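A.B. asks: below is the structure, and that's it, no one-letter string:
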């Protein structure tokens, strides 16, 4: 039995699917804000918001897909997408939480703090998955090779 496992690590599947679903929900939310008849014009996103929200959401979908497909160095694209997407989410909510404004009620502060916490957790999970040894082994293994690794690392 081989000592290396070139199958996709379960942690990569779980966090990858979480990232993909989060990106899809973010893109759907922008479309909902833009085209729902019940949304007031003052809340409709402008072109800059469209580009940033849909671009970062799409990047959050593409990065994990490429990683799960074992494209070389795609785990770093997955990590960059998570840092960009969740970093912006943390920044926005932390600014509302700690800045001056009408968000002084406890229920709103709890929701903002929870969003900051979830964003930090997603960044931590993405760091754990993309920089971990199981993902590194998976990304270095040859796709059809049961022994894993490159030819130089195989026993003679």
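C.D. replies: Yes, it's here. What you are looking at is a predicted structure, and each value in this text was computed from that prediction instead of being measured.

A.B. asks: which regions of the protein sit below the pLDDT cut-off?
C.D. replies: Counting by pLDDT under 70, the chain contains low-confidence residues at 1-6, 142-156.

A.B. asks: quick one, helices of it?
C.D. replies: According to DSSP state H, the chain carries its helices in the segments 10-35, 47-68, 74-98, 106-131, 133-140.

A.B. asks: what is the burial count for the closest residue to residue 74 other than its chain neighbours?
C.D. replies: Spatial nearest neighbour of residue 74, chain neighbours left out: residue 66 (3.7 Å); criterion: CB to CB, 6 or more residues apart in numbering. The C-beta positions use only the backbone N, C-alpha and C, and glycine is treated the same way. Other residues within reach of residue 66, judged by other CB atoms under 10 Å, total 18.

A.B. asks: which residues touch residue 66?
C.D. replies: Contacts for residue 66 (CB atoms under 8 Å, 6 or more residues apart in numbering) come out as 74, 77, 78.

A.B. asks: doesn't residue 16 make contact with the last one?
C.D. replies: Spelled out, that is residue 78. Yes: A contact is recorded between residue 78 and residue 16 when judged using CB atoms under 8 Å, the distance being 7.1 Å.

A.B. asks: need the overlap of contacts for the two.
C.D. replies: With CB under 8 Å, 6+ apart as the test, residue 78 and residue 16 both reach 64, 67.

A.B. asks: against residue 127, how distant is residue 140?
C.D. replies: Residue 140 is 19 Å from residue 127, where distance means CB to CB, to the nearest Å.

A.B. asks: list the residues that contact residue 17.
C.D. replies: Going by CB under 8 Å, 6+ apart, residue 17 touches residue 64.

A.B. asks: could you do residue 41 as well?
C.D. replies: Residue 41 is in contact with no residue at all, counting by CB under 8 Å, 6+ apart.
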